[in-house]
Structures are given as C-alpha cells and as structure tokens.
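> Make a model of this:
(2 chains)
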Number of protein chains: 2
Amino acid sequence: MPEKRKLHLNAFLMSVGHHEASWRLPESDPYAGWSVKHYQELARIAERGRLDSLFLADSPVQQGDPGRRPTGKLEPTVLLTALAGVTSRIGLIATASTSYNEPYNLARRFSSLDHISDGRAGWNIVTTAGADAARNFGLDDVPLHRERYERADEFLEVATKLWDSWADDAVLADKDAGVHADAAKVRAINHRGRYFRVDGPLNVPRSPQGWPLLVQAGSSEDGRDFAAKWAEAVFTAQQTLAEGRAFYRDLKQRAAALGRDPDGVKILPGIVPVIGDTAAEARELDAELERLISPEYARAQLAERFHLTPADLPLDEPLPDNLPTEDQIEGAKSRFTLIVDLARRENLTVRQLIGRLGGGRGHRTFAGTPSQVADTIEEWFDSGAADGFNIMPAVLPSGLVAFVDKVVPILQERGRFRTEYEGATLREHYGLPRPAATSFAYHPELITQ
Amino acid sequence: MPEKRKLHLNAFLMSVGHHEASWRLPESDPYAGWSVKHYQELARIAERGRLDSLFLADSPVQQGDPGRRPTGKLEPTVLLTALAGVTSRIGLIATASTSYNEPYNLARRFSSLDHISDGRAGWNIVTTAGADAARNFGLDDVPLHRERYERADEFLEVATKLWDSWADDAVLADKDAGVHADAAKVRAINHRGRYFRVDGPLNVPRSPQGWPLLVQAGSSEDGRDFAAKWAEAVFTAQQTLAEGRAFYRDLKQRAAALGRDPDGVKILPGIVPVIGDTAAEARELDAELERLISPEYARAQLAERFHLTPADLPLDEPLPDNLPTEDQIEGAKSRFTLIVDLARRENLTVRQLIGRLGGGRGHRTFAGTPSQVADTIEEWFDSGAADGFNIMPAVLPSGLVAFVDKVVPILQERGRFRTEYEGATLREHYGLPRPAATSFAYHPELITQ
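Below is the predicted model of the structure:
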C-alpha cells in the first residue's frame, strides 16, 4: 500500500496581513512591516502549528504607492536568518530574483542560511516582472519574459554546480597531517554560458540540505516549463477548483515528461482564510476589511496592469472591453489572465473586483469557520488540485493564530496533517530527497554542458 | 576642557583564529568556521567585554588552498544577522564588495541588518583584489585598481541616496485617513552615473542609524583617498609605531583637507595578541603555532603575491631581489609593500617571514602578558598611531576570552575603556553622528550631481 499523501502548509508572512487594508484595523501595528520582533512572533506561532515553512515574497523595488499600505520590506534572506534564531524546525523560504542577482552571491547566501538553520532553507525562484525593478539595476525596461526565464535556467545550472562544488566529504580536518580539506574535492565549476561565466568553487562547504528546497511561483507557459524542470514546490494562484485541478494536472504531466517523479513537485495554491467562529463573524471581518480599502490606490494599480489610465476604469462599471491580451503583458502574465477571468466570470464592477483582490491580490479568499476552512483545504487536496497550501492570513498575527489554533487541530484530528515534525530539514518536511553532489550531476539530463 | 579621547576595540572574528595553524591545536573545532553556534559564542564573549563591534572580513571567492586552513565562510550580512539575535548592544560590521554587488541589493541588506539589530550595522567597504574573484562574476581579470575605486565612489553615492530615499518621518500610519506613508517623502533618486543607473527609492524605510557605519580597509593611495572621503572608521595593517603614526597623521590630514572633522574618522590598526599569564607562556604559545605551520601552502601564496613560482623562494634564503614594485600589483597594494618592507627590515628568510605572517597575514602579532598587551595598546593610542584596535585573536575562542577577561579589565581600570555601553547604536559606541536625510545631502560637497 502506498504511503498516504501528506498535506503541506506554509505560512506566507506579509507585514500585518495580506489584506491591503489590514494595517487600518485597531489591532494592527502599522510599523510591524519592518519589525523583526513582529516576524519572530509570527514564526513562533507557525512553528507551534507544525507548519512546513515560513514564506516571504519579494521584489527589489518599492512596490506600489507608499500611502496605500505598509510597503517597506526587509530583505528576505536576512530576515529569515533572524527567524532561524527563534525557531528550530520550521522551513524558511525566501524569494530572490534570478534577473537581478549574481549566482555566486545568491548561491552563497542560501548556502549560508542552510548552514545557519541546520537545513531549513528554501529558495522561491522568481524572474521579477516590471520595468520599475529593472530601473533599479541599470536597465531601461524589464528584459523580455522568455529571456528572463532563459537566464533563470542558466542561473540554476550555475547555482546547483556551486552548491555541489564542495563534495560532502571534502573536509578532512586532519590535524596531524595538517590538511584541512581535500583540495581534489573542492572543485572549480568553470561554467561558461550565455549569461554567466563563473569559475567557482563556492567558498562555503556543502550545506546540510545540499541544495535549498527549490520553489517556483510563475504560472505562465515559460514559468510552468521552468517549474517542471527545476521546482520541488510550486506556489500558484487559483481561483476555482476546476482551474486548480487543471493546473495541478498540467504541471505534474510536464514534470513527468521530463523524467521526473511527479510526487517530487508539490503544488501549493495560495489561500487567504478569513476565519470567524461563526460564518457570520467571518463574513463580518471580510466586509470590514473591504470597507477599509481606499479604492483609488487599487484602481491606479489595475490601470497600470491593463496599460490604461485610472479614468478608463469607472469604479461602478465592469472592466472595459479594450484590454490587452496575455501575450502583450511582460510579466505576471498568468495573474493578469486570472484577474480578467475573475471579473468577467462573476460580472464584477471595478469596485467589486478591487474588493475581491484586496485580500490576496488574486489568490483565493475564503471566509468561513475553522471547519469550513479545513473542509475546503481537504476538498482541494482530495480532488487533485493541491498537495497543500500557502496560507496567506488576511490579518497578522491574529489570522495566523486562528489558523494554527483552530484550523490545524481539525486537520490533525482528521489525520490530514502532522502533529509533530517527523524530520529535521525542510526537505524532510516535504518528503523530498537530499540531492547528491556527484560531479554536478543530480539532474544530468538537464545540465546542458 | 575637551572630552577625553575614547579607545575603540573591535573583535575581528575568523573561524578558529587568525593564526593559519590555529585549527590544528587540540582545543580547536576544525568545523567551527561555518558553525553559527561557534560565532554566537564569540559574539557573546565580545559583548561581555563591551567591545565596540564584531567584524567579519570577506571576499566572494574560495581563498587559498582548502588544505591549508578552514576556508569555508558564511556570507557576513547573513551571519551577522544571526549574531544580532544573541546580542543586544555590540556593533556588527560586515565586509562587502563594491565591485561584485549591485548597490540596490547591498544597500537594502545593510538597511535590513540595521533595522533587525536596532542600529548596530556597519559596512566595511572593499573593492576586492584578485583575478580569481573577478572570474566568479563573468570577468577575465580584476578591473584596474583605480577603476574599482571609481566604481566604489559612485556605489557609495548611490547607496547613501537610497538610504536617504525615505525621509525619517515618511511613515504617517494614519489609519483614519487610510494613508500609510507620505508619498512625497519616499523619493526616487534617479541616479545616472558612469557605473550605475538606479531609480529608487529603496523599499525599506530609513533605518535606526540612517546609514550603517561606513568602514574602509584599503591603505593604498586610492584607498586612502576613498577613506578620507567616505570612511568613519579605517582598518589598517601597521607593523611599527612609526608607520602607524605616519598613516594616522596622513589619513586625518586627508579627511581635514576635504572639510571633514578628523575625529570623525577613527583609525584602527589590527593587532594579533598572543596572550599568556607570563611572557614565557605567551612566547610558548606563539612558538607552538609557528611549529604547526605547513610552509608549503604559505610559500605558494607568497609566490603568487610576488608573481613568482614557489621554486623562486627557497625557504631558508631571504626574499630575492627581482620582486615587482607596488605599482605593478593590482590589489592588496599596501599589504604587498608591508610584507616586503618587513622581510627586508628584519632580514628574514622566507621561512621566518612565513612564520611572521602566519598569525595575522601582515597585521602586527604581539605576544605578551595581559598588561604588556594593554601597554602596547595604550602606547599606540597615546602616541597618535591609533584611535583603537581591531583585535585579531590568534586562536578562537580562547584568545578572545583571554583578551576580554584579562586585557579589557586592565584597560578599564586605567580609565581607557568603557565599563558599560553608553549608547545603543554602533554610531553611538564610536561617538559618531547619525546622518541626516535631507535631500540626499549629508555630504553635499561630495555628491557630484
């Protein structure tokens, strides 16, 4: 009998909550977005719930109008290092861009985080959409979508070679002979590619997990191909069960077509749970958050996404017909389509659409009781739409407390979720293997040279 | 009456000690170089001694033969974040390269560290010598010395603009009005220079110190000019009191010539104390460490530094005459000259020179009793060769324990060193001001546009 599938749950941490108006609630500290103490409290709560990992999104750019919501963000590899210090088992997944980093530096930071956390590091690999980010790095505009993914592919090739450049048994520590490490097992990588030339080796011994867990979050065609090749976990935004199942099936098939075990790629949609002890209480919190949205900020952002001006989007009318198509969008392609589909499917006005996006920026919001939240998680898990979820509380810390103290126990009672950590590393939480460091050839079929 | 000058002491942490053979001692853990627990222990010891800061050197390259000594190193901004978590007052100075980083990313990491540590971050700015580092970043050879410093200068211009891109009072947190930050006080920097084009603003609010403490460690002509312009503390290697005084005077004069207060630039030579309860005991430890050196590794490194082969350097003969001159060296220029001068002045054989460099790679080694170490520190401090020292224990942790528990109390008794932290931030420990964020103009005369 095959082992029972395990449910995986990450805590996606963001300031005082994923809802854009959460900071306006009386309970919220509007300075918490860059407070390590706030994040440490969240980390302890999530570990108390035995969640698989903490997850931090990122982009190297000031995102959106600073008036709208807390926009300042600490750099994730640094912040997660601080969270490693107050936790002992939970995984630590940092988002970092392949377009605006050098592989040597980034591979080294993830290796360092993996050493410091005793094997709990994960990397959410993004290619970073948006001309505004590009203009922080000497470019006039964002590189083409396909080019960003080509660079990402080569970036991963370099990073994995660097992580494997010290053999697991390179350090001899032979005090008598006076030989610290076997120089033959600390190898140059001499990478020569289209985007990168990197001699190596890395200047950090191989880390507890070998490689950080590789996570990916783009759902465009290029993004799916990249995920099928490299990702061990995929974060995705899916509004309906049918779409979720289609995405799940598609990505597992793409991985299988490349010769990978489909179980080696975990699919984790985002969900914004708004939890109340009664359904009415949950709806009330949801409505209060929606009331606190200032629609002008969101309208300006929507207009930018659609290549329009705010005046083109009257608040109480449906989306206009003259929207661009996905292939005219350079980045966040699948999110664009999701938003347009959502508005058209439910015939939403711009104001209503803004309300629907306020919670999770396109991720599914679900308001309900703890058992209703547990039900929808089980339904998606059982019907082949998810291997788990990226939990995105609308309000933090209270929404995470509610999830951990009220939803997790139900999932544990139902035998769906661990009651104790069984492994020590993030890879062990996900049931994923530690890559071997044999001549840079964990995926020999995927290394192009 | 002017306030009495204050002595400043940093703990320069490096694996199990600065002496290349320290890892071979019975007491040393040869795996400690990448163990966060080891560094956390060192951090607690240094804070117990009320030292100004912890300091980590760095280069983004595997340095030297991995057989020789522990070479693996965790990335400093990440490691210092972990050390921030187990300390509350001591400063945290990370070395990072302006040649192989992007200003947006690095400025953000230092801002993040400064937030996380409540104002204890410092940046040791280096331009990174060596073709081997260059070849980890797509280059065939290291950029010219002068070009690296030109880039460093512009890098600092960009970084300081980014740190100042959020006004100190930008965040309004006005829940009633629904305005989180004043968008007019979160300003693009629109930097357009020779090396960088960066729009900004940074995506982190201004940090407790405004800017991290700016530290610099190059002593070449270009390095001194750069330090005079930007540095608030200068680490330097000086073998003799006379050289130390000349360097001190020169750098203070250069700073004054640029209109800066010379007291705003602290000069901190490195010293490798080898401490014994008696002078004989100290000499014995020194001799034991020297016996444990495998000279072949050091000879190969010397040969590379001199553009020679190891066979050109017979161990029991003096340095040959046919050495290059400083202007033929592309990096670590002043260290090159220091080593040649040391060998010639004391008429050392190659083997003896290797022994002298084994402790501190050119920094002054001083073996003695606690009061002899305190005496030499006072002598340099009083005779205008130092505002303090970068303490580089030959063996760690034992050498740091000896310094903190035996030398520091003598300096405190003599009224030379603080008995309690008086300030909260690293700038306060150094008696240096927090830069204002007024229209990017802390040094208006230095900003070229």
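
> Let me see the ranges of the helices in the stretch 201-350 of chain A.
A:221-230, A:241-257, A:279-291, A:295-305, A:333-345, A:350-357 (DSSP state H, counting those that start in this stretch).

> List the buried residues of the first one.
The neighbour-count check on helix A:221-230 (16 or more other CB atoms under 10 Å in any protein chain shown) flags A:222-230 as buried. The way it works is simple: take the backbone N, C-alpha and C, and place the C-beta from them, glycine included.

> quick revisit: what about the helices of the stretch 201-350 of chain A, which gets the closest to chain B?
Of all the helices of the stretch 201-350 of chain A, it is helix A:295-305 that lies closest to chain B, at 8.6 Å by CB to the nearest CB.

> Please name every helix or strand in contact with the lengthiest helix in chain A.
Counting by DSSP state H, the longest helix found in chain A is helix A:145-163. Helix A:145-163 is packed against helix A:103-116, strand A:191-192, strand A:197-198, helix A:221-230, with contacts defined by 3 or more CB pairs under 8 Å, 6 or more residues apart in numbering or on different chains; DSSP states H and E.

> Now do that helix: distance to the chain's middle.
Here the centre of helix A:145-163 is set off from its chain's centre by 18 Å, with CA atoms, centre = their mean, to the nearest Å.

> State the mean pLDDT of it.
For helix A:145-163, mean pLDDT rounds to 96.

> quick one: pLDDT of the residue nearest to residue A:318 when sequence neighbours are not counted?
Ranked by CB to CB, 6 or more residues apart in numbering or on different chains and with sequence neighbours excluded, the top spatial neighbour of residue A:318 is residue A:349, at 5.9 Å. Here the pLDDT value assigned to residue A:349 is 94.

> what about residue A:349, neighbour count?
16 (other CB atoms under 10 Å in any protein chain shown).

> Could you do residue A:263 as well?
For residue A:263, using other CB under 10 Å, the count is 15.

> residues touching it, list them.
residue A:431 (CB atoms under 8 Å, 6 or more residues apart in numbering or on different chains).

> The one 3 residues further on too?
With CB under 8 Å, 6+ apart as the criterion, the residues that contact residue A:266 are A:8, A:232-234, A:387-388, A:430, A:432.

> Give me the below-cutoff pLDDT ranges for chain A.
Residue ranges of chain A with pLDDT under 70: A:1-3, A:330-331, A:438-449.

> In chain A, where's the longest strand?
If you go by DSSP state E, chain A has its longest strand at strand A:266-275.

> Pull up the pairing partners for that strand, direction included.
strand A:233-236 (parallel), strand A:364-368 (parallel), strand A:388-391 (parallel) (DSSP bridges).

> if we can go back for a sec, which one of the buried residues of helix A:221-230 is nearest residue B:328?
residue A:230 (45.5 Å; CB to CB).

> mind giving me TSV with the contacts of residue A:266 and columns for distance to residue A:91 and neighbour count?
Putting the contacts of residue A:266 into TSV (distance: CB to CB, whole Å; neighbours: other CB atoms under 10 Å in any protein chain shown) gives the following:
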residue	distance to residue A:91	neighbour count
A:8	10	24
A:232	12	23
A:233	10	30
A:234	15	29
A:387	15	23
A:388	12	24
A:430	8	24
A:432	11	21
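
> Let's have the helices of the stretch 201-350 of chain A in CSV, adding distance to residue A:14.
Output for the helices of the stretch 201-350 of chain A, formatted as CSV (distance: least, CB to CB, whole Å):
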stretch, distance to residue A:14
helix A:221-230, 21
helix A:241-257, 22
helix A:279-291, 14
helix A:295-305, 16
helix A:333-345, 16
helix A:350-357, 15
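
> Dump those helices into JSON lines; add distance to chain B as well.
JSON lines is the format used below for those (distance: least, CB to the nearest CB, whole Å):
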{"stretch": "helix A:221-230", "distance to chain B": "22"}
{"stretch": "helix A:241-257", "distance to chain B": "30"}
{"stretch": "helix A:279-291", "distance to chain B": "11"}
{"stretch": "helix A:295-305", "distance to chain B": "9"}
{"stretch": "helix A:333-345", "distance to chain B": "20"}
{"stretch": "helix A:350-357", "distance to chain B": "14"}
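
> among the ones you listed, which is nearest residue B:31?
Nearest of these (CB to CB): helix A:221-230, 30.4 Å.

> Quick one: distance of that closest one to the chain centre.
15 Å.

> With stretch A:413-427 instead?
That offset, for stretch A:413-427, works out to 20 Å (CA atoms, centre = their mean).

> does any part of that stretch sit near chain B?
No: using CB under 8 Å from any CB of the partner chain, stretch A:413-427 stays clear of chain B, coming no nearer than 15.4 Å.

> which parts of that stretch are buried?
A:416-418, A:421, A:425-427.

> CA-only coordinates of that stretch in CSV, if you can.
Extracted in CSV, the C-alpha atoms of stretch A:413-427 (Å, rounded to 0.1, in the frame of the first residue of the first chain):
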residue,chain,number,x,y,z
GLU,A,413,-7.8,15.2,14.1
ARG,A,414,-8.8,14.2,10.6
GLY,A,415,-5.4,12.6,10.1
ARG,A,416,-4.5,15.1,7.4
PHE,A,417,-1.7,17.0,9.0
ARG,A,418,1.3,16.1,11.1
THR,A,419,1.0,16.5,14.9
GLU,A,420,4.8,16.6,15.3
TYR,A,421,7.7,17.3,13.0
GLU,A,422,9.0,14.0,11.8
GLY,A,423,12.1,15.3,10.1
ALA,A,424,14.7,18.0,10.8
THR,A,425,15.1,19.7,7.5
LEU,A,426,12.7,21.4,5.1
ARG,A,427,13.3,18.7,2.5
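
> contacting residues around it?
By CB under 8 Å, 6+ apart, stretch A:413-427 touches A:4, A:6-7, A:9, A:50, A:52-53, A:89, A:91-93, A:118-122, A:208-209, A:212-213, A:232, A:374, A:377-378, A:381, A:408, A:411-412, A:428-429, A:433-434.
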